[in-house]
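Asks: pasted the sequence and its predicted model underneath.
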Amino acid sequence: MGIDQKLEQLAQSLIEGNHLLVERLTEELLHEGAAPHVILDKGLMPGMDVVGRRFREGEIFLPHVLVSARSMKASMKILDPLLAQSSYKAKGKIMLGTVRGDVHDIGKNLVGIMLRGAGYEVVDVGIGCSAEQFAELCELHKPDVLGLSALLTTTMMYMKVVVETLATNGTSIPVIVGGAPLNERFAREIGAAGYARNAADSVGLVKSVLSGEKL
């Protein structure tokens with residue numbers, strides 16, 4: 001089996017959520033001379049594209065996406081150190097975090113997997129972050145986009161505090177938001193650059209924000 005065929009098999013295995021086969025194929029491709037960025041661009045990314053599309057269209061549901069995400073993570077654990085050593089340039093750097101008072105992170109983690117699968121560098125700063133922490137971390141990591149997550153109606157309002165704190169500090173990084181109780185209207189009201197209904201939609205949102213498209 002040639003490298004191109006194995007890349008196709010890698011994508012299909014990712015779609016099916018076979019993390020053991022994804023891990024094995026990743027190692028085999030590297031051993032056979034495939035560059036890490038080729039494995040990402042030609043194997044993992046096409047697979048996650050299909051997963052994201054099927055999720056958006058209601059063909060698959062969250063448990064299936066989580067299984068595919070686990071497969072993606074297994075491969076990236078091998079590829080990450082190699083990509084860092086190479087000249088591979090990500091499409092952009094995205095910082096993700098759950099706001100203060102909220103400890104939910106499944107959605108945020110899934111967004112991170114989807115974005116990495118689409119070729120973005122992701123910095124996950126965890127859960128329960130205050131506005132001041134977000135401001136400091138933005139200064140440290142200098143992301144192109146900041147993604148805020150909240151799953152509770154009691155914590156989603158804190159997103160506005162984060163947006164306002166960044167503005168007060170002169171930080172002009174666009175902020176996107178997501179979480180079960182949110183909607184597009186809320187995002188506009190707090191001054192966010194956009195809202196993603198689910199992890200699959202976050203990829204298109206980030207692309208639009210970075211390209212300067214009007215949402």
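Replies: Perfect, I can see it now.
Asks: for residue 89, give its distance to residue 29.
Replies: 21 Å (CB to CB, to the nearest Å). The way it works is simple: take the backbone N, C-alpha and C, and place the C-beta from them, glycine included.
Asks: what ranges do the helices span in the chain?
Replies: 3-16, 19-31, 36-39, 45-56, 62-85, 106-117, 131-141, 153-156, 158-168, 184-189, 199-211 (DSSP state H).
Asks: and among the ones you listed, the most buried is which?
Replies: Highest mean neighbour count among those (mean count of other CB atoms under 10 Å): helix 106-117, with a mean of 23.
Asks: how much does that one deviate in direction from helix 3-16?
Replies: Computed by axes from the mean of the first three to the mean of the last three CA atoms, to 10 degrees, the angle separating helix 106-117 from helix 3-16 equals 170 degrees.
Asks: ok, back up a step: and the helices of the chain: which comes nearest residue 93?
Replies: The closest of the helices of the chain to residue 93 is helix 131-141. By CB to CB, the value is 6.9 Å.
Asks: what does that closest one contact?
Replies: 93, 95, 97, 100, 123, 125, 129, 146, 148, 158, 161-162, 164-166, 169, 171, 173 (CB atoms under 8 Å, 6 or more residues apart in numbering).
Asks: the same query, at a cut-off of 7 Å, please.
Replies: Applying CB atoms under 7 Å, 6 or more residues apart in numbering, the external contacts of helix 131-141 come out as 93, 95, 97, 123, 125, 146, 161-162, 165-166, 169, 171, 173.
Asks: include pLDDT and distance to residue 22 when you put those into TSV, please.
Replies: Output for the contacts of helix 131-141, formatted as TSV (pLDDT from 0 to 100; distance: CB to CB, whole Å):
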residue	pLDDT	distance to residue 22
93	97	25
95	98	26
97	98	28
123	97	24
125	98	27
146	98	30
161	98	40
162	98	35
165	98	40
166	97	37
169	94	41
171	93	38
173	96	33
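Asks: now for these, which pair is the farthest apart?
Replies: Maximum distance among these (CB to CB): 23.2 Å, for 93 and 161.
Asks: pLDDT below threshold where in this structure?
Replies: For the chain, the stretches flagged by pLDDT under 70 are 214-215.
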